[in-house]
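Asks: Quick one, structure for this:
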Amino acid sequence: MSTELRDIAKCSVKGSFFLFLGKTSSTIIMAFASILIARLLGPENYGLYALALITPSFFIAVGDLGISAALTRFSALFRSEGKGQKVVGLIKAGIIFKLVSSLLLSLVLLLLSESIGTWVLRRPGIDLLIRFTSLYLVGQAIFMALDSVFIGLDKTENSSLLTVAQALTKIVVSPLLIILGMGAIGAIIGIGLGFLLATGIGITVLLPRLCPGLCSASSGDNIDLFGALRLMVPYGMPLYLSTLILSLLTQYRGIILAQFVSNMGIGNYTIAMNFSVLIIIFSQPIAISLFPAFSKLSIKKDRDILEKMFKLSVKYTSLLVIPASLALCVLSNEVVYALYGSQYRLAPSYLALYVLYFLCAGLGMFVIASFFNGQGDTKATFKMDLVNVSLSVPLTLIFTFLYGVPGLMASLVTSQFVSTTYGLFLARKKYALTVDWASSFRILVASLCSALLVYVLLALIPIPLFKLVFGGFLYVISFLGFAPLLRVISKGDVANLDELLKGLVLIYPIARSILNLEKRILSLHIAI
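Replies: Modelled structure (predicted):
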């Protein structure tokens with residue numbers, strides 16, 4: 001691995017780790033906050049609270065115009081080129097734009113709140129709650145801009161800090177205001193204050209520490225507000241359109257489920273989808289951190305480095321996601337019954353079907369979009385998403401009508417597989433890049449062998465809790481054995497991973513032990 005590639009990869013791994021810590025911590029805090037709020041409000045008021053939050057989320061998506069993604073890409077690009085002055089100008093322009101647009105949209109929300117409550121949500125009287133969500137709208141819009149900047153500048157620890165600060169504020173303020181008698185309004189104010197506090201910390205504490213360093217180590221001219229917007233909006237517009245259509249697709253799937261599936265089926269489906277967080281917590285930080293990593297390189301100037309980085313990114317992402325997905329598949333009964341009970345008897349089969357979606361990691365599902373966006377080719381990302389949506393709309397209707405929730409799962413897996421394959425086609429056609437097919441296949445085979453072994457041996461264990469503990473332990477051990485024997489990893493991979501993980505003090509001792517074990521098995525296999 002070259003020195004430049006190693007440095008970029010180290011930043012990416014470090015970024016993934018901090019984003020993982022932040023996402024995991026905030027997810028746990030938010031889960032407890034949701035439980036507290038739900039118990040304090042009661043079912044009826046909690047339902048109104050949830051409905052009121054739908055509107056600002058849509059307004060935030062409408063008002064972004066792809067600025068958040070553009071801030072990540074150009075912050076990383078200009079910093080890698082030593083143009084710190086432009087980075088500072090870009091940050092100012094992005095925050096000003098998000099502030100102005102969110103204030104205008106919050107004004108529109110205030111004016112339309114009564115109509116939205118009566119005609120859209122069909123809840124007359126909810127308009128007061130919707131008005132208070134304008135606080136949430138402004139705070140989250142600026143929060144997204146700051147988060148994008150910190151990711152682009154490889155300061156993911158700052159991103160995680162803001163995420164955790166927002167979650168902590170919510171878990172403290174929202175329940176307190178509910179107890180003081182403010183009800184659902186208090187819960188919404190708590191969320192809004194969480195975002196405003198986080199943005200306040202970012203603007204007054206964290207950004208001032210970064211900007212002087214960027215300016216002192218810079219070359220080139222600054223960039224004004226309109227120049228920055230002319231740069232960011234054309235870049236971000238395809239991603240903005242992608243976000244909108246994917247958001248509408250999610251709503252569409254919910255409507256189709258409501259038409260053809262019973263309440264019990266939808267409840268089991270929701271439980272299965274909840275478990276997808278276990279994989280997303282690992283995969284999403286990787287995809288996010290790869291975005292600025294690819295932004296630092298140019299396909300014209302750094303083809304060899306980019307090609308190797310692309311293949312290794314797909315391989316190492318697959319090495320984490322595919323085994324985790326098949327482990328969740330083979331242990332679906334034990335995981336669901338341990339946490340939710342045996343009354344959710346359909347959820348394990350739904351979960352086992354859904355995790356097939358994540359096998360597309362071997363095709364580059366979590367890497368391709370980051371590569372395209374990093375190279376400024378957001379139109380390619382939009383085309384991928386358009387293929388996904390074009391296929392999902394008819395398949396969701398037909399498959400759900402014929403087969404219920406399993407049909408919906410099949411439509412999800414099929415549309416993702418086709419769109420990812422199309423993305424690979426574009427990467428091959430436009431940039432002559434492809435994945436390491438042999439590595440992806442070996443990872444899948446090793447994972448399937450481990451899953452089959454666990455499936456057979458679990459039938460011999462009568463106690464469900466022991467099945468979960470023993471099955472999980474056996475899966476990890478068997479995969480670590482199959483991986484070197486089936487040449488999933490090589491000595492070069494062991495050396496690469498050791499170098500990349502060395503700076504992560506919290507997990508390196510465990511990782512080093514695992515890598516040493518893999519190295520011994522590889523030596524034994526070669527000797528034989």
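Asks: secondary structure element for the nearest residue in space to residue 470 that is not next to it in sequence?
Replies: Nearest residue to residue 470 in three dimensions, chain neighbours excluded: residue 461, at 6.1 Å (Cβ to Cβ, 6 or more residues apart in numbering). All C-beta atoms are positioned from the backbone trio N, CA, C, and that covers glycine. Residue 461 belongs to no helix or strand when assigned by DSSP states H and E.
Asks: give me every residue that touches residue 461.
Replies: 467, 470, 471 (Cβ atoms under 8 Å, 6 or more residues apart in numbering).
Asks: got the contact list for the second one?
Replies: Contact partners of residue 470, counting by Cβ under 8 Å, 6+ apart, are 457, 458, 461.
Asks: Show me which of those is closest to residue 403.
Replies: Nearest to residue 403 out of the contacts of residue 470 is residue 458 (Cβ to Cβ; 27.1 Å).
Asks: shouldn't that closest one be in contact with residue 473?
Replies: No. Using Cβ atoms under 8 Å, residue 458 makes no contact with residue 473, being 11.8 Å away.
Asks: In terms of neighbours, single out the busier of those two.
Replies: Comparing residue 458 with residue 473 by other Cβ atoms under 10 Å, the one with more neighbours is residue 458, at 19 against 11.
Asks: how close does that one sit to residue 472?
Replies: 11 Å (Cβ to Cβ, to the nearest Å).
Asks: and the nearest residue to residue 196 once chain neighbours are set aside, helix, strand or coil?
Replies: In space, and not counting its chain neighbours, residue 196 is closest to residue 139: 4.3 Å by Cβ to Cβ, 6+ apart. When classified by DSSP: H, G, I helix; E, B strand; the rest coil, residue 139 comes out as helix.
Asks: and the gap between residue 139 and residue 154?
Replies: 25 Å.
Asks: Can you tell me which of the contacts of residue 470 is closest to residue 104?
Replies: residue 458 (57.2 Å).
Asks: What helix or strand is residue 92 located in?
Replies: helix 84-115.
Asks: buried set for that helix?
Replies: 84-95, 97-98, 101-102, 105-106, 109, 112-114 (16 or more other Cβ atoms under 10 Å).
Asks: one step back: between the contacts of residue 461, which is closest to residue 252?
Replies: Taking the contacts of residue 461 together and measuring to residue 252 by Cβ to Cβ, the closest member is residue 471, at 36.4 Å.
Asks: burial of the residue nearest to residue 196, as a residue count?
Replies: The number of residues near residue 139, taken as other Cβ under 10 Å, comes to 23.
Asks: Contact partners for it?
Replies: Residue 139 neighbours (Cβ under 8 Å, 6+ apart): 192, 193, 194, 195, 196, 198, 199.
Asks: Please pull out the lowest mean pLDDT helix or strand from this structure.
Replies: Here the helix or strand of the chain ranked lowest by mean pLDDT, DSSP states H and E is helix 207-216, holding a mean of 68.
Asks: just checking, next helix/strand downstream of it?
Replies: Following helix 207-216 toward the C-terminus (DSSP H and E): helix 225-260.
Asks: elements contacting that following helix?
Replies: helix 54-64, helix 67-80, helix 84-115, helix 263-274, helix 378-403, helix 405-431 (3 or more Cβ pairs under 8 Å, 6 or more residues apart in numbering; DSSP states H and E).
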